[in-house]
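Chemist: give me a 3D structure for the following:
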Amino acid sequence: MAFLNTTHTVTLTDRFAALREDFETALTKRRAYSTTLNELSALSDRDLADLGLHRSGIKAVALEAARNI
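Modeler: Numbers count the residues shown, from 1 in each chain. Now for the predicted structure:
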């Protein structure tokens, strides 16, 4: 029977890189949410109806847009 032991040392630099990547991802998602929310909120009720949306569903659409990034 054979065993393979491997160790991976996570350095402080690796942790900061991961933290920065997580921050950039969150920032990108927040921008997408804000942009989508602002653009849809600026539309008239008639334009929203043409898109098949109601004003009450704008936040859900913005969240979905941010989640898909």
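Chemist: which helix in this protein has the most residues?
Modeler: The longest helix of the chain (DSSP state H) is helix 12-41.
Chemist: next secondary structure after it?
Modeler: helix 45-50 (DSSP states H and E).
Chemist: quick one: list the elements packing against that following helix.
Modeler: Contact partners of helix 45-50 among helices and strands, from 3 or more CB pairs under 8 Å, 6 or more residues apart in numbering; DSSP states H and E: none. C-beta coordinates here come from the backbone N, C-alpha and C atoms, glycine included.
Chemist: now do it, average pLDDT.
Modeler: For helix 45-50, mean pLDDT rounds to 97.
Chemist: got any ranges where the protein has weak pLDDT?
Modeler: Judged by pLDDT under 70, the chain has its weakly predicted residues at 1.
Chemist: from Ala2, how far out is the spatially most central residue of the chain?
Modeler: In the chain, the residue lying closest to the centroid (CA atoms, centre = their mean) is Lys29, at 3.1 Å. The gap separating Lys29 from Ala2 is 44 Å, by CB to CB, to the nearest Å.
Chemist: then Thr13?
Modeler: Thr13 is 33 Å from Ala2, by CB to CB.
Chemist: before we move on, the earlier item: mind listing what the residue nearest to the centre of the chain touches?
Modeler: Lys29 sits next to Ala66, Arg67, Ile69 when contact means CB atoms under 8 Å, 6 or more residues apart in numbering.
Chemist: now the second one. Its backbone dihedrals?
Modeler: Just to be clear, that refers to Arg67. phi -70, psi -30 (degrees, to the nearest 10).
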